[in-house]
Every structure is written in C-alpha cells, then in structure tokens.
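Trainee: Here is a sequence with its predicted model. Questions after.
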Amino acid sequence: MGNSGSINVKQPKLLIHVHCNFDEIMRRIYSRGRQDEIDVGLDYWQSLYNAYESVKFPNEFNFDLSNPEFINTPEMIEKFLADVREHLS
C-alpha cells in the first residue's frame, strides 16, 4: 500500500519528560488509595516505569518531579518554567 493516507507531523520543539523516582511513585499510588491501581501489583508498575525510563526522544527535557512539595513551592515552579523557556529559545 502507498503512503497516500499518511500525515506529515512536525517534530515538537520540546518534549517534557516528567520523571519521578520509583519509590515516590509507589508512595503516591498507595496514598491515593485507588484500589485498582494498588491491585495491579508492584511488578506491573516496575515494568511500566522501566519501559518509560528507557525511551529517549529528540528535544527531550527531563524534569524530576520526585519532590512532593513542588506544586506548593512557587520558586520551584518558576525555576521549572524558566528552564522550559530556556530550552525553547
């Protein structure tokens, strides 16, 4: 078959990869208390985590969201935004 139905997609200027260490991810899953997330088990979450961590993209900006205080700390948010602006310029 030909490519007559294909779409030409432009590469993004920046892809933000939000990272969080595995222990913090699991802490958040358990603290949310969603039973369906808990029931899938540790092995599932570990394999999903490993899969995402092994993928690298062009124009990728890695951002560590392991600190649970990020959302409540304006200085941390502003630094993140400044870093994004810098990567886009």
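Mentor: Structure's in. What do you need? Keep in mind it's a predicted model, so treat the numbers as computed, not measured.

Trainee: Can you tell me the element residue 26 falls in?
Mentor: Assessed by DSSP states H and E, residue 26 sits inside helix 22-32.

Trainee: For that helix, buried residues please.
Mentor: Applying a neighbour-count criterion of 16 or more other C-beta atoms under 10 Å, one finds 25-26 buried in helix 22-32. Placement of C-beta: from N, CA and C, glycine included.

Trainee: If you count neighbours, what's buried in the host helix or strand of residue 48?
Mentor: Element membership for residue 48, per DSSP H and E: helix 42-54. Within helix 42-54, the residues that count as buried by 16+ other C-beta under 10 Å are 45, 49.

Trainee: Run the angle between that helix and helix 22-32 for me.
Mentor: When axes from the mean of the first three to the mean of the last three C-alpha atoms, to 10 degrees is applied, the directions of helix 42-54 and helix 22-32 differ by 130 degrees.

Trainee: what about the longest helix in this protein?
Mentor: In terms of residue count, the longest helix belonging to the chain (DSSP state H) is helix 74-88.

Trainee: Start and end of stretch 27-37, how far apart?
Mentor: End-to-end distance for stretch 27-37: 12 Å, by C-alpha to C-alpha, to the nearest Å.

Trainee: Find the centremost residue of this protein, please.
Mentor: Centroid-nearest residue in the chain: residue 18, 2.9 Å away (criterion: C-alpha atoms, centre = their mean).

Trainee: Quick check, residue 68 in contact with residue 24.
Mentor: Yes - the pair residue 68 and residue 24 qualifies as a contact (C-beta atoms under 8 Å) at a distance of 7.1 Å.

Trainee: what do the two both touch?
Mentor: Shared contacts of residue 68 and residue 24 (C-beta atoms under 8 Å, 6 or more residues apart in numbering): none.

Trainee: circling back to that earlier point, name the residues of the longest helix of the chain that are buried.
Mentor: Of all the residues in helix 74-88, those buried under the rule 16+ other C-beta under 10 Å are residue 80.

Trainee: what's it packed up against?
Mentor: Judged by 3 or more C-beta pairs under 8 Å, 6 or more residues apart in numbering; DSSP states H and E, the packing partners of helix 74-88 are strand 60-64.
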